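**Student:** All I have is the shape, not the residue letters:
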């Protein structure tokens, strides 16, 4: 594949990603941001991100499927979701904003290719292209706010279900345990 064709393919892929909606129609901005991403491939079974590790990269799935996994308090792994290229999805995006530890493990379910962008490259891009980087950062903030609102709603749903289960079990005893 020629370099021009590869660049064009990368730009078209990134235009499908919701994070870049605000700059999708700005060819200069899209070319600029696309030039920062590098492609990397991993085989089926490869761990892309490990929960608890520090990270500084966002991943856009070019091809393949990954499994996002978390650990229970007892250390048992469970799959939260599987993500695939046709979903026009990305992960690891919080790493563009901070250097905290990764919140989940991501494993390749199939052979995968990703476009990867590091925090330092994104910050440098922002210094050179503040309007475009601000638009992407605002979009990232909207995405994270929506996820937080959903998580809050999920917590309320779980709490309500727990309260209902405790009430059906006969309430709580004086020591705080469910009555039988």
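**Tutor:** All right, it came through fine. What you see is a predicted model, and the numbers here were worked out from it, not measured in a lab.

**Student:** list the buried ones in the helix or strand harbouring residue 160?
**Tutor:** Using DSSP states H and E, the element containing residue 160 is helix 130-168. Using 16 or more other C-beta atoms under 10 Å as the test for burial, helix 130-168 gives 132-133, 135-137, 139-140. Heads up, the C-betas are built off the backbone N, CA and C, glycines and all.

**Student:** now it, how far from the centre of its chain.
**Tutor:** Helix 130-168 sits 14 Å away from the centroid of its parent chain (C-alpha atoms, centre = their mean, to the nearest Å).

**Student:** for the protein, what spans make up the strands?
**Tutor:** 38-42, 47-49, 57-63, 65-71, 77-84, 90-91, 105-108, 112-118 (DSSP state E).

**Student:** can you redo those strands as CSV with mean neighbour count, distance to residue 2 and mean pLDDT?
**Tutor:** Shown next, in CSV, are the strands of the chain (neighbours: other C-beta atoms under 10 Å; distance: least, C-beta to C-beta, whole Å; pLDDT from 0 to 100):
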stretch, mean neighbour count, distance to residue 2, mean pLDDT
strand 38-42, 14, 14, 97
strand 47-49, 19, 28, 97
strand 57-63, 22, 17, 96
strand 65-71, 18, 28, 95
strand 77-84, 13, 27, 94
strand 90-91, 21, 26, 94
strand 105-108, 22, 27, 97
strand 112-118, 21, 18, 97
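
**Student:** Kindly reformat the ones you listed as CSV containing distance to residue 19.
**Tutor:** What follows is the strands of the chain, written out as CSV (distance: least, C-beta to C-beta, whole Å):
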stretch, distance to residue 19
strand 38-42, 17
strand 47-49, 17
strand 57-63, 8
strand 65-71, 17
strand 77-84, 14
strand 90-91, 6
strand 105-108, 17
strand 112-118, 10
